[in-house]
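[1] prediction below, plus the sequence it came from.
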Amino acid sequence: GGAVDYRGNTTPTAEWNFWVDPDAVAMTLTEARQRDWDVTLCHLGVTETIMVTPDDIAWWGLTGELGALVKDALRFYFEFHDNEGIGYCAQVHDLLAIMVALDAVNYGTADKALVAVPEDRGAITTAAPAGGDRDEAATIHVLDSVDPDDVRAETQRAFAILASSR
């Protein structure tokens, strides 16, 4: 969730997941700071680089019930993104976050001090090194790179496992 040094997808500065529950964002950043949690944020600036197209679905070779389910689930996003002028594709934010959480793909992070912006519901910002209340910032790992081909290959591997277990 979130948008770090990147435009939001719900407001100019807020990403949808953070926008719908800004209190959880603020609480998580507070807890991360106070308890020294090891947090990695997969934010919109990187998750939007992971695109699925109809060609990907064909490459995965999904058939039967699993194939129909995946095609139906992604069709909504294909049509949504097409209507938004992005193209007939799906940005698979949550899939990337799961792969990062499982260390299933190679990715890079940069440590950043982040604060919630209460007057801008769901927005987060990097804390200014001087000025502002740096004591309120939580330093967390912010995803800054991932190889889309690595994500595609891992998706293929996961679907192959699912297909063989049916």
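    Ah, there it is. Since this is a predicted model, take the numbers as computed values, not measurements.

[2] top helix in the protein by residue count?
    Selection of the longest helix in the chain by residue count, based on DSSP state H, yields helix 64-83.

[3] show me what secondary structure element comes after that one.
    Past helix 64-83, heading to the C-terminal end, the next element that is a helix or strand (DSSP states H and E) is strand 90-91.

[4] residues in contact with that next one: which ones?
    Under the criterion CB atoms under 8 Å, 6 or more residues apart in numbering, residues 47-48, 50-53, 74, 77-78, 81 lie in contact with strand 90-91. All C-beta atoms are positioned from the backbone trio N, CA, C, and that covers glycine.

[5] picking up where we left off before, mean confidence for the longest helix of the chain?
    When pLDDT is averaged along helix 64-83, the result is 92.

[6] other SSEs contacting that helix?
    Helix 64-83 is packed against helix 54-60, strand 90-91, helix 148-164, with contacts defined by 3 or more CB pairs under 8 Å, 6 or more residues apart in numbering; DSSP states H and E.

[7] and for the first one, what's in contact with it?
    It stands for helix 54-60. 67, 70-71, 74, 78, 88, 152, 155-156, 159.

[8] nearest to residue 30 among those?
    Set against residue 30, the nearest of these by CB to CB is residue 155 (34.4 Å).

[9] quick one: residues contacting the closest one.
    Residues 52, 56, 60, 95 are the ones in contact with residue 155 under the rule CB under 8 Å, 6+ apart.

[10] and the least confident of those residues?
    When it comes to pLDDT, residue 60 is the least confident member of the contacts of residue 155, at 87.

[11] run a quick neighbour tally on that residue.
    By other CB atoms under 10 Å, 19 other residues sit near residue 60.

[12] ditto for residue 149
    The criterion is other CB under 10 Å. On that basis, residue 149 has 9 neighbouring residues.
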